[in-house]
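Novice: got a predicted structure here, sequence first:
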Amino acid sequence: MLRKSLPLFVRYGFKNPIGRNLIRKGEGMKKLIVITLLLFSGSLLFIENIGASDKNLVVMTFNIRVGVGMIKPGTPPHNLKNSPKILDSIAQAIKSVDPDIVGLQEVQGENQAKILAETLSMNYSYSRHGNNKDASWWGVAILSKYEIINSKNYTVYSGGQKPWRARTIIECTIKVNDKNISFFNTHFQHQGDALKKEPKNAIEKISESKNPVILMGDLNMQPDDSNLKPIKDALKDSCEAISNENSNFAKTNGTFQSPNDPKYDHWRIDYIFYDPKTIRIIDVGLVDKKYWDTSDHIGYFATIELI
């Protein structure tokens, strides 16, 4: 379901990505010019922002583990449906990055997406996994500070003989500074033959887009997994696009926390892929450590520039 656009005072007031901060990651202090025009016997003051970069966006991907934080590590999400939720803490973790677009995975129903969107003053679109009752109780969502002008969803894995394993990918067309961008968000199933089928099915849909493309999600595969090849052939891994302290830390630390099973601990399985022909990566990073207890995944973000 596509949420209606926020009121004008939210979308174009201090929450607007152009006007909400004078200082932004990688942008420095934006220059201001004061133009004074004398009209008749008085004066009229205009303040014009001429140094702002309208091209930079912060994109985030975050598996929120149905909103329960790090309780009962290793417990499957469907066994945590009735556990206490910490959505306020999850919202604070997201807010600390101040992203323009967020891809969320393991969202327990549209209401969770709606609560987080309203808390963060963002638009949202939500898509459930499949139609089977054992799969449709959760899904993926995209939150945006910009207008979501269109939203679609596609099946990337039907579940085969086990339909409760079905997975979807959501596509949102978002207008950013008069340019449409296609944001895709998904959460791959990791059992059976799913990891062989999902990347191919996802890229098949992504390749149909005529817009600049961003793919976000928990892909449940490490970077060297051969099953990622269809995605890597078409798009580029944002964390591999640059080499600095932030990207090196994300590569070394990973995005998944598995204290009960060291085999999977510190795997990097959460990604932001992009089309290098239309997008450039400025920086990447992980959410601050004080928010790592909000999920068994660590929020990962990238600052991008449209080119």
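Specialist: Right, received. Where do you want to start?
Novice: hang on, Thr303 in a strand?
Specialist: Yes - going by DSSP: H, G, I helix; E, B strand; the rest coil, the assignment for Thr303 places it inside a strand.
Novice: may I see the buried residues of the strand or helix carrying Ile115?
Specialist: Assigned by DSSP states H and E, Ile115 falls within helix 110-119. For helix 110-119, the neighbour count (16 or more other C-beta atoms under 10 Å) marks Glu110, Gln112, Ala113, Lys114, Ile115, Leu116, Ala117 as buried. Placement of C-beta: from N, CA and C, glycine included.
Novice: tell me what it is packed against?
Specialist: Taking 3 or more C-beta pairs under 8 Å, 6 or more residues apart in numbering; DSSP states H and E as contact, the helices and strands that helix 110-119 lies on are helix 87-97, strand 101-107, strand 123-128, strand 139-144.
Novice: for the last one, C-alpha coordinates in CSV please.
Specialist: The one in question is strand 139-144. Output of strand 139-144 as CSV, limited to C-alpha atoms (Å, rounded to 0.1, in the frame of the first residue of the first chain):
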residue,chain,number,x,y,z
GLY,A,139,7.7,-8.2,4.3
VAL,A,140,9.9,-5.4,3.1
ALA,A,141,9.4,-1.6,3.0
ILE,A,142,10.9,1.5,1.6
LEU,A,143,10.7,4.8,3.5
SER,A,144,11.4,8.1,1.7
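Novice: in its sheet, what does the helix or strand just after it sit against?
Specialist: Per DSSP H and E, the first helix or strand lying C-terminal to strand 139-144 is strand 148-157. Paired with strand 148-157 in the same sheet, following DSSP bridges, are strand 167-176 (antiparallel).
Novice: so the strand it pairs with versus strand 123-128, what angle?
Specialist: Taking axes from the mean of the first three to the mean of the last three C-alpha atoms, to 10 degrees, one finds strand 167-176 and strand 123-128 inclined to each other by 160 degrees.
Novice: what's the neighbour count on the closest residue in space to Trp138 that isn't next to it in sequence?
Specialist: Excluding the flanking residues, the one nearest Trp138 by C-beta to C-beta, 6 or more residues apart in numbering is Gln108, at 5.3 Å. Using other C-beta atoms under 10 Å, Gln108 has 22 neighbouring residues.
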